[in-house]
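[1] Give the three-dimensional model of this entry:
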Amino acid sequence: MKIDRLIGILSVLLQKDKTTAPELAERFEVSKRTINRDIEALNNAGIPISTTQGNGGGISIMDGYRIDRTILTSKDMQMILAGLRSLDSVSGSSYYSQLMEKIKAGSSSFISGRDSILIDLSSWYRDTLAPKIEKIESAIENRHLVSFKYYGPSSEGERTAEPYYLVFRWSSWYLWAWCRDREDYRLFKLNRMEGVEKKKEEFIGRNAPIPDLSNEKVFPGGVNVKALFSPEWKWRLVEEFGHDSFQEMEDGRLLFSSSYMDKESLVTWLLTFGSKVEVLEPQEIRSLIIRNAEETLALYQNDSVSDT
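    Predicted coordinates for the structure are as follows:
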């Protein structure tokens, strides 16, 4: 990705007094023209980079404006590398690991000590997720449309979209895009997207807003719930909602009180606890749990009848 390459070029310029476009092109495996565009982008971002032609010329940060190398401490560089390593965990190629090696090359005095932060953004679906991310990354950078089949809670169908951002949130990956079928911005969950293709057709970029990923915006109309849990499930409540989400009762049960994104998801979540949870309120959720239990019981009773 371009932003990764820009970080790499800036790192080289911080570590060396001067370099050349051919050296950078070979190091980052791109053309000299691409390096020249990158240098222009860094200049536009307010980093004064000087280029001189001829024998002894090269690319450097302008005299009098050189950034103090201590602006990026060893800890800062470790954080950058941790971020790149996390992207490598979902990458379908060795691009990020190669970029890390390029940044670390010649920086033994700058990067020291053991890695103290390890981030893995992959999931159980890495084998199918990585190719999607790779195609979408390329489509975003080159302004190409993407097409895919999307499986939503209420419908499924083919979509064509203008991709703008890949988002990691709520332990999952999403695509923020302008959906040409719905004529509005949409947040698509990558695990619900099948047959992702980068189309040849390009699009003119919109002034796409940064997605508002607050729970209130993405999951409006949350449901307040109160329930009693068996103490054996304390670890899940702590993990998913925090220790302040419940009170321990005299009989050992846990009085849970919180809000959930929507009633359908809430019912699904509660059912994972089986008979180890009793919903106190709201009554609507109690009724849905009872109906679901009755339908499940009827299903298994019918199986028993058919077997005899």
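
[2] what's the nearest residue to Ser230 once chain neighbours are set aside sitting at in phi/psi?
    Excluding its sequence neighbours, the residue lying closest to Ser230 (Cβ to Cβ, 6 or more residues apart in numbering) is Lys276, at 4.0 Å. (Glycine included, C-beta is placed from N, CA and C.) Per-residue torsions, Lys276: phi -90, psi 10 (degrees, to the nearest 10).

[3] Does Lys276 touch Trp233 like I think?
    Yes. Contact criterion Cβ atoms under 8 Å: Lys276 and Trp233 qualify, at 5.9 Å.

[4] Neighbour count for those two, which is higher?
    Under the neighbour definition other Cβ atoms under 10 Å, Lys276 and Trp233 were set side by side, and Trp233 has more, 17 against 13.

[5] just to revisit the earlier point, next, the contact list for the residue nearest to Ser230, please.
    Residues near Lys276 by Cβ atoms under 8 Å, 6 or more residues apart in numbering: 229-230, 232-233.

[6] Next, format these as JSON lines and append pLDDT.
    Listed next are the contacts of Lys276 as JSON lines, based on pLDDT from 0 to 100:
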{"residue": "Phe229", "pLDDT": "97"}
{"residue": "Ser230", "pLDDT": "96"}
{"residue": "Glu232", "pLDDT": "96"}
{"residue": "Trp233", "pLDDT": "96"}
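
[7] Just give me the closest of those to Ser287.
    Phe229 (19.5 Å; Cβ to Cβ).

[8] CA-only coordinates of the helix or strand hosting Ala161 in CSV, if you can.
    Per DSSP states H and E: Ala161 is located in strand 156-169. Coordinates of each C-alpha in strand 156-169 appear next as CSV, following Å, rounded to 0.1, in the frame of the first residue of the first chain:
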residue,chain,number,x,y,z
GLU,A,156,-29.0,-11.6,0.1
GLY,A,157,-27.9,-10.4,-3.4
GLU,A,158,-25.3,-9.2,-5.8
ARG,A,159,-23.7,-5.8,-5.0
THR,A,160,-21.5,-3.4,-6.8
ALA,A,161,-19.7,-0.8,-4.7
GLU,A,162,-17.1,2.0,-4.7
PRO,A,163,-14.6,0.9,-1.9
TYR,A,164,-13.1,3.6,0.4
TYR,A,165,-12.0,2.0,3.7
LEU,A,166,-11.1,-1.3,5.1
VAL,A,167,-12.1,-1.3,8.8
PHE,A,168,-11.2,-3.6,11.7
ARG,A,169,-13.9,-3.3,14.4
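
[9] Where do the helices of the stretch 201-308 of the chain begin and end?
    215-218, 234-241, 263-271, 283-307 (DSSP state H, counting those that start in this stretch).

[10] ok, residues contacting the longest one?
    Judged by Cβ under 8 Å, 6+ apart, the contacts made with helix 283-307 from elsewhere in the structure are 223, 225, 263, 266-267, 270-271, 279-280.

[11] Enumerate every residue touching Ile49.
    If you count contacts by Cβ under 8 Å, 6+ apart, Ile49 has them with 13, 39, 42-43, 59-62.

[12] Please tell me how far it sits from Ile133.
    Distance, Ile49 to Ile133, by Cβ to Cβ, to the nearest Å: 31 Å.

[13] At which residues are the strands of the stretch 101-250 of the chain located?
    Counting by DSSP state E, counting those that start in this stretch, the stretch 101-250 of the chain has these strands, from start to end: 144-151, 156-169, 172-179, 184-189, 193-202, 223-229, 246-248.
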